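> with the sequence up front, the predicted model follows.
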Amino acid sequence: MARKLLLEHDNKPGIQGLEGYRANGGYRSVEKALRTMSPEAVLEEVKKSGLRGRGGAGFPTGLKWSFMAKPPGVPRYLVVNADESEPGTFKDRYLMERIPHILIEGMITSSFALGANVSYIYIRGEYFYIYRILERAIEEARAAGWLGKNILGSGFDHDVHVQVGAGAYICGEETALLESLEGKRGNPRIKPPFPAVKGLYGCPTVVNNVETIAAVVPIVNDGGEEYAKIGIGKSTGTKLISAGGNINKPGVYEIDLGITCEEFLNSDEWCGGVQGRALKAVVPGGSSVPIIPAELYFKTAAGEARLMTYESLSDGGFATGSMLGSGGFYAYNDAQCIVRSTWNHTRFYAHESCGQCSPCREGTGWMEKVLHRIENGEGRLEDIDLLWDIQRKIEGNTICPLGDAAAWPVASAIRHFRDEFEYHVYHPQKVKDPKHFEKTPFVRKPKTVAA
Amino acid sequence: MPKVTIDNVEIEVPEGTTILQAARMIGERDKADRHVVPPAMCYYSSLKTSGGYCRTCIVKVSQGSTKDPRPMPKPVASCRTTVMDGMVVQNTTSPELLDARKGVTEFLLINHPLDCPICDQAGECHLQDLGYEHGAEGSRYEFERRTFDPIDIGDTIKLHMTRCILCYRCVKVAEQLTDGRVHGVINRGDVSEISTYIQQAVENDFSGNMIDVCPVGALTDKTFRFASRVWYTKPVDAHRTCENSKCTGKVVLWLKGNEVLRVTGRKDQWGEVESFICNTCRFDKKDVKHWTVEGPRHLDRHSVISANHYELQQKQKLLTKAAPESTPVGRPKEIGQG
């Protein structure tokens, strides 16, 4: 049985409530930090732990915290990004639903390190029932003195507020989230200035993912060095992976970063193997990361076994690699159609583009229309090149990463599964049936990819 | 003062200048260097926080600064990026950048109705200029173009949402110039539109400036609607003492004979108005007797309106002077350039 840091007690009775949480060692990190440590010492532990942002980008958390400007007399904020809107990702939902207090505990400890007296949880509108769970947990914590004035007699004041979004994907982008939190239209801001300098209400702000903040709890409890012992290289600690798609055991799993990809997919402890048929492709980190074919999932282009780490999954760049992203893992068996899946992703991004900058606003809609045409058997061969050209002109030319997120799945699908797109063009009658690969799976010609 | 090199032309600029502003300074210093100035569809120097949306002004930064000479990984919006000492910027000298800009132009045009023959903005439209300079000869977009339900926003301003490129300039005008903003952007993605919340008129003393700042024909003057093509009108500078203290009364009258067809603000060589004018001057004073006419307006933009200005031929010689070491790819169109 693998080690669990965040989900250790997720099935204990009463863990949702404060009493049950305390009985299982809850709020120890707050006691430790506020009674025995200075804010700088907490920051130092987080730095030592090598914790990286769990929301997708994988930016070192300690470094992000140390960028926070500290002008005198200006309030600072911690904002927790619970707008988990990446398709395929549902880890934060499970964590907040099962153990809401671990998030609140992490927020108190992190805010102590950052010197923030008010922190916010920005939660997506679809998670309204979790909003109720969090509100109840905050009430409990406040009544027990974990929130409010002078926590544990340390002189540190802290309060947590929950804000519900209205269900826009773009509000998971940190500056759009801040705009939305301020009550404005959720358009991403143009950076610089970064939120660490000018964030919520123009004050220095740190925006972190739910899982990142929750991971601060074991880091403070056991020490950063202990946490850094788990994992390989710069990928330290444990990571929640929300596994889905054609696997036998979908669910949220906590893994040690550094297990092999093959073990994660085939071991009974995790995904339990691919459902029924052969594995075709894998999206290892949520819908916006590049899709990779089965052979590149198990082995890197250099022939080494691929590991579930930030570095190993992105080995080979986008030509042969992908990204760990937010940990929204999903597998495709050979009955699935990559074109259909790509169209579905693109439709999502076209719907969720905020419409602020032109390449993303116009380009995503265009890609969606072209993909829809190919998937419905009305495509032409030059449409594939057109798609490639559109995604190339979106990527890197937009204000926020949504443009990149929309372009990467299309680019990787064409890069690795071009023959499947061509099949759609050559066999328009066959692909009109939405389940066209169920009876006769599409057989890819094995392709040699240069390292 | 930081020194920046744009397309091999060097200039020293004050701290905090953006790349676009630095490029315009180069262009103002020597007309022959105007090719270094990136096109801008959403940036407006007199409107705060404008810019960054349209992405036409993207440039390649091939050296970040003297201190940190690494190139920037992606093209940056020149209107929102401040220069650093020793920065090296490529605008028309980088073929990849021009390709990216061509892409942005194409994106702006795929849903544009291209109804220039019936559009009042034709002849002074920034999107036309952009299309001529950076667009392709045809579109690869084969789907039905997006349309919107028409919205009436009052007696003086006509909103054609299908032509809009969502530059947000009119929103900034309403926010920064007028007493209260009643319109904004609703919806998202490729169906986002400029609209008023629960249909109402946009009415206040300075709302007419929305027309001047609009780079395309999305917002046009209802009192000028279908009156004449702009290139048949004769622009003259004029002024009057305006009762409104915020209005300078310095305008351009667009005449046909002695008839005032339209009143607009004075636009500089970058297509931006020098000072904003009030709605009384714009819509109500449609008679030459209200105005002191100063003389013909010199139009300094490569636009159809300036086509009959023969002094251009003199300038043409200056403009065709080759830029040092620049590739011929990125030279803007030579003909008709002001």
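Done, it's in. Numbers count the residues shown, from 1 in each chain, chains lettered A, B, ... in the order given.

> the helix ranked longest in chain A - what's its average pLDDT?
Ranked by residue count, the top helix of chain A under DSSP state H comes out as helix A:402-426. Across helix A:402-426, the average pLDDT comes to 94.

> buried residues in that helix, which are they?
A:402-417, A:420-421, A:423-425 (16 or more other CB atoms under 10 Å in any protein chain shown). C-beta here means a position set from N, CA and C on the backbone, and glycine is covered the same way.

> centre of the chain to that helix, how far?
22 Å (CA atoms, centre = their mean, to the nearest Å).

> now the element after it, going C-ward?
Next helix or strand after helix A:402-426 toward the C-terminus (DSSP states H and E): helix A:428-431.

> need the helices for the stretch 201-338 of chain B, in chain order.
Remark: helices assigned in the stretch 201-338 of chain B by DSSP state H, counting those that start in this stretch are B:209-213, B:279, B:312-319.

> weakest of those helices in terms of mean pLDDT?
Looking at the helices of the stretch 201-338 of chain B, the bottom one is helix B:312-319 with a mean of 56.

> which helices and strands sit right next to the longest helix of chain A?
strand A:279-283, strand A:292-293, helix A:317-320, helix A:338-352, helix A:358-375, helix A:381-394 (3 or more CB pairs under 8 Å, 6 or more residues apart in numbering or on different chains; DSSP states H and E).

> could you tell me the angle between it and strand A:279-283?
Following axes from the mean of the first three to the mean of the last three CA atoms, to 10 degrees, one obtains 160 degrees for the angle between helix A:402-426 and strand A:279-283.

> helix A:402-426 versus helix A:358-375: what angle between them?
Going by the same axes, to 10 degrees, helix A:402-426 makes 20 degrees with helix A:358-375.

> what angle do helix A:381-394 and helix A:402-426 make with each other?
Relative orientation of helix A:402-426 versus helix A:381-394 (the same axes, to 10 degrees): 170 degrees.

> got phi/psi on A:T300?
Phi and psi for A:T300, reported as degrees, to the nearest 10, are phi -70, psi 170.

> I figured it hits A:S314, correct?
No. Under the criterion of CB atoms under 8 Å, A:T300 makes no contact with A:S314, lying 10.0 Å away.

> and the helices in the stretch 51-200 of chain B?
B:95-110, B:126-134, B:169-176.

> out of those helices, which is closest to A:E182?
helix B:169-176 (15.0 Å; CB to CB).

> and that closest one, anywhere near chain A?
No. Using CB under 8 Å from any CB of the partner chain, helix B:169-176 never reaches chain A; the gap is at least 10.1 Å.

> what's the distance between the residue sitting furthest away from the middle of chain B and B:V59?
Computed with CA atoms, centre = their mean, the maximum C-alpha offset from the centroid of chain B is found at B:K67, amounting to 34.3 Å. Separation of B:K67 from B:V59 (CB to CB, to the nearest Å) stands at 20 Å.

> quick one: contacts for the closest residue to chain A within chain B?
Among the residues of chain B, B:G103 lies closest to chain A, at 3.0 Å counting by CB to the nearest CB. Residues in contact with B:G103 (CB atoms under 8 Å, 6 or more residues apart in numbering or on different chains) are A:P359, A:D389, A:I390, A:R392, A:K393, A:I394, A:N397.

> now, which of those lie close to chain B?
Applying CB under 8 Å from any CB to the contacts of B:G103, those adjacent to chain B are A:P359, A:D389, A:I390, A:R392, A:K393, A:I394, A:N397.

> weed out the non-buried ones from those.
A:P359, A:I390, A:R392, A:K393, A:I394, A:N397.

> max pairwise distance over the residues you listed: which two?
A:I390 and A:N397 (11.4 Å).

> mean confidence for stretch A:189-196?
Stretch A:189-196 comes out at a mean pLDDT of 90.

> ok, A:G165 - how many residues close by?
22 (other CB atoms under 10 Å in any protein chain shown).

> could you check how far it is from chain B?
13 Å (CB to the nearest CB, to the nearest Å).

> circling back to that earlier point, closest to chain B out of the contacts of B:G103?
For these, the closest approach to chain B (CB to the nearest CB) belongs to A:K393, at 3.0 Å.

> find the nearest non-adjacent residue to the closest one, please.
B:G103 (3.0 Å; CB to CB, 6 or more residues apart in numbering or on different chains).

> so for the one you found, what's the pLDDT?
So, for B:G103, pLDDT stands at 94.

> contact partners for the residue of the stretch 201-350 of chain A found nearest chain B?
Nearest residue of the stretch 201-350 of chain A to chain B, counting by CB to the nearest CB: A:A350, 6.1 Å away. A:A350 makes contact with A:T364, A:G365, A:M367, A:E368, A:A406, B:G189, B:D190 under the criterion CB under 8 Å, 6+ apart.

> now these in JSON lines, with distance to B:C281?
Shown next, in JSON lines, are the contacts of A:A350 (distance: CB to CB, whole Å):
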{"residue": "A:T364", "distance to B:C281": "42"}
{"residue": "A:G365", "distance to B:C281": "40"}
{"residue": "A:M367", "distance to B:C281": "46"}
{"residue": "A:E368", "distance to B:C281": "46"}
{"residue": "A:A406", "distance to B:C281": "45"}
{"residue": "B:G189", "distance to B:C281": "38"}
{"residue": "B:D190", "distance to B:C281": "37"}
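
> out of those, who has the most neighbours?
Busiest of these [other CB under 10 Å] is A:T364, holding 32 neighbours.

> which one is that residue nearest to, not counting chain neighbours?
A:A350 (4.0 Å).

> returning to what we had before: turn the helices of the stretch 51-200 of chain B into TSV, columns for distance to A:G223.
TSV is the format used below for those (distance: least, CB to CB, whole Å):
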stretch	distance to A:G223
helix B:95-110	48
helix B:126-134	57
helix B:169-176	51
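
> B:G249 is nearest to which of those helices?
Proximity to B:G249 (CB to CB) singles out helix B:169-176 among the helices of the stretch 51-200 of chain B, at 18.5 Å.

> close to chain B: what parts of the stretch 51-200 of chain A are there?
Residues of the stretch 51-200 of chain A lying near chain B (CB under 8 Å from any CB): A:A168, A:I170, A:R185, A:I190.

> point me to the residue of the stretch 151-300 of chain A nearest chain B.
A:I190 (4.2 Å).

> wait, what's in contact with that residue?
Neighbours of A:I190 in contact, by CB under 8 Å, 6+ apart: A:I399, B:G51, B:G52, B:A77, B:R80.

> same list, those, but as JSON lines with neighbour count and pLDDT please.
Below are the contacts of A:I190 laid out as JSON lines (neighbours: other CB atoms under 10 Å in any protein chain shown; pLDDT from 0 to 100):
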{"residue": "A:I399", "neighbour count": "24", "pLDDT": "92"}
{"residue": "B:G51", "neighbour count": "26", "pLDDT": "89"}
{"residue": "B:G52", "neighbour count": "23", "pLDDT": "90"}
{"residue": "B:A77", "neighbour count": "27", "pLDDT": "93"}
{"residue": "B:R80", "neighbour count": "20", "pLDDT": "92"}
